[in-house]
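Chemist: 3D model of this:
(one chain, ligands or ions: 1)
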Amino acid sequence: MNTLLEHIISDCRQYTAQGHVATYIPELANVDPDQVGICISLDNGREYFAGDCQAQFTMQSVVKPLILLQALMDSGVDTIHSLVGVEATGKPFDTFNYSDQPLSRTNINPMINTGSIALCTLIHGATYRDRFGRLLELARKLAGNPQLTVNESVYQSEKLTGSKNRALAYLLTAYGMISDPVEEVLDCYFRACSISVTCRDLARIAHIFANHGAHPVTKEQLFPAEYAKYVNATLVTSGMYDGSGEFALNVGFPAKSGVGGGIMGVIPRRMGVGVFAPALDQRGNSVAGIKALEKLSRELDLSIY
Ligand code: GLU
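Modeler: Next comes the predicted model:
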């Protein structure tokens with residue numbers, strides 16, 4: 001398996017030249033665009049790696065499935081579903097073009113910024129710092145990595161410059177969809193996006209979603225299977241932004257990308273995959289990361305369709 005992964009990484013490294021690192025969060029502009037890494041987590045704790053698999057990067061939107069999961073665990077399916085819908089939007093992840101329609105649950109989903117910011121309000125906690133603390137604990141537990149923490153410079157950078165997300169949060173307020181103070185809600189969201197991980201952390205988190213909530217080694221049920229299915233389904237329709245349809249066609253399993261360059265791939269009942277390659281396409285997806293997942297899917301016949 002390691003040999004296969006090495007081949008995939010050396011074939012895909014060339015594609016990093018076709019993308020660009022995100023710059024709208026200034027701190028992300030400092031990342032080396034040529035990195036490519038992959039990790040696979042299989043049953044019984046078998047893990048395989050290649051490339052820049054030790055590199056640390058921030059989760060960014062890859063944390064959205066965890067925000068959804070924590071909100072599901074705290075508030076239940078009905079409450080989540082009444083605030084944030086599940087349809088693909090066909091719009092970029094940070095769209096604020098709702099002018100053709102009033103903002104409502106039917107035109108947002110948990111994998112775009114508006115939906116994810118709204119879901120932060122359904123995570124329990126006395127303060128938004130507490131809510132974030134519980135989210136971080138969840139990430140640590142699923143990744144089996146108690147060291148996971150926030151990259152402070154990325155967090156500060158996004159908090160300082162996140163006008164678009166502020167606009168989205170005020171839009172949610174204007175339409176009566178959230179009522180808590182915008183800065184507090186956003187602070188939870190920005191910190192969550194700035195959690196620093198490696199490919200291995202993503203592969204392990206993905207593996208638990210693939211196992212419908214059961215830990216692949218201890219077999220402990222960490223959260224209800226129905227929540228894993230909820231999250232996985234939203235990843236299929238919306239996890240790869242407005243490139244989710246093409247990804248379903250060419251790769252064929254639930255996945256979530258982030259502008260930090262990470263992608264988490266969930267292959268139900270089989271494995272979890274984490275890739276990292278920070279040069280992004282215009283939609284905000286990792287160019288080499290998608291190529292690597294395409295090759296992996298073809299080699300191991302991973303498409304669920
Ligand atoms: N923190 C980023 C933002 O809200 C996440 C975007 C992404 O990874 O798609 O703009």
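Chemist: where exactly do the helices run in the stretch 201-305 of the chain?
Modeler: In the stretch 201-305 of the chain, the helices defined using DSSP state H, counting those that start in this stretch lie at 225-238, 244-250, 287-300.
Chemist: so, in contact with the ligand or not, stretch 251-264?
Modeler: Yes - judged by Cβ under 6 Å from any ligand atom, stretch 251-264 comes into contact with the ligand at 258, 259. No exception for glycine: its C-beta is placed from N, CA and C like everyone else's.
Chemist: list the buried residues in that stretch.
Modeler: Judged by neighbour count using 16 or more other Cβ atoms under 10 Å, the buried positions of stretch 251-264 are 251-264.
Chemist: picking up where we left off before, wait, which of the helices of the stretch 201-305 of the chain is closest to residue 112?
Modeler: Nearest to residue 112, of all the helices of the stretch 201-305 of the chain, is helix 225-238, at 6.8 Å by Cβ to Cβ.
Chemist: could you check whether the closest one is close to the ligand?
Modeler: No - judged by Cβ under 6 Å from any ligand atom, helix 225-238 stays clear of the ligand, getting no closer than 11.2 Å.
Chemist: in that helix, which residues are buried?
Modeler: Neighbour-count burial for helix 225-238, counted by 16+ other Cβ under 10 Å, picks out 227, 228, 230, 231, 232, 234, 235, 236, 237, 238.
Chemist: packing partners of that helix?
Modeler: In terms of contacts (3 or more Cβ pairs under 8 Å, 6 or more residues apart in numbering; DSSP states H and E), helix 225-238 is packed against helix 64-83, helix 199-210, helix 244-250.
Chemist: that helix: how far from the chain's middle?
Modeler: 12 Å (Cα atoms, centre = their mean, to the nearest Å).
Chemist: list the contacts of it.
Modeler: Helix 225-238 has contacts (Cβ atoms under 8 Å, 6 or more residues apart in numbering) with 65, 68-69, 72-73, 77, 86-89, 109-112, 208-209, 211-214, 244, 248, 254-256, 266, 268.
Chemist: mind checking which of the buried residues of stretch 251-264 are in strands?
Modeler: Counting by DSSP state E, the part of the buried residues of stretch 251-264 found in strands is 255, 256, 257, 262, 263, 264.
Chemist: what residues does the third one make contact with?
Modeler: Pointing back at residue 257 there. 61, 62, 239, 240, 241, 263, 284, 285, 286, 289.
Chemist: tell me what it is bridged to.
Modeler: Beta-bridge partners for residue 257, by DSSP bridges, are residue 263.
Chemist: for it, give its distance to residue 84.
Modeler: For residue 257, the distance to residue 84 equals 19 Å [Cβ to Cβ, to the nearest Å].
Chemist: where does the stretch 1-150 of the chain have low pLDDT?
Modeler: Applying pLDDT under 70 to the stretch 1-150 of the chain flags residues 96-100.
Chemist: circling back to that earlier point, and the helices and strands packed on helix 225-238: which comes nearest residue 144?
Modeler: helix 199-210 (5.6 Å).
Chemist: need the CA coordinates for the closest one. PDB is fine.
Modeler: Extracted in PDB, the C-alpha atoms of helix 199-210 (Å, rounded to 0.1, in the frame of the first residue of the first chain):
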ATOM      1  CA  CYS A 199      -3.100  14.000   6.900                       C
ATOM      2  CA  ARG A 200      -3.200  11.300   9.500                       C
ATOM      3  CA  ASP A 201      -5.600  13.200  11.700                       C
ATOM      4  CA  LEU A 202      -7.900  13.700   8.700                       C
ATOM      5  CA  ALA A 203      -7.700  10.000   7.700                       C
ATOM      6  CA  ARG A 204      -8.500   8.900  11.300                       C
ATOM      7  CA  ILE A 205     -11.500  11.300  11.500                       C
ATOM      8  CA  ALA A 206     -12.700  10.200   8.100                       C
ATOM      9  CA  HIS A 207     -12.400   6.500   9.100                       C
ATOM     10  CA  ILE A 208     -14.800   7.000  12.000                       C
ATOM     11  CA  PHE A 209     -17.400   8.600   9.700                       C
ATOM     12  CA  ALA A 210     -16.700   5.600   7.300                       C
END
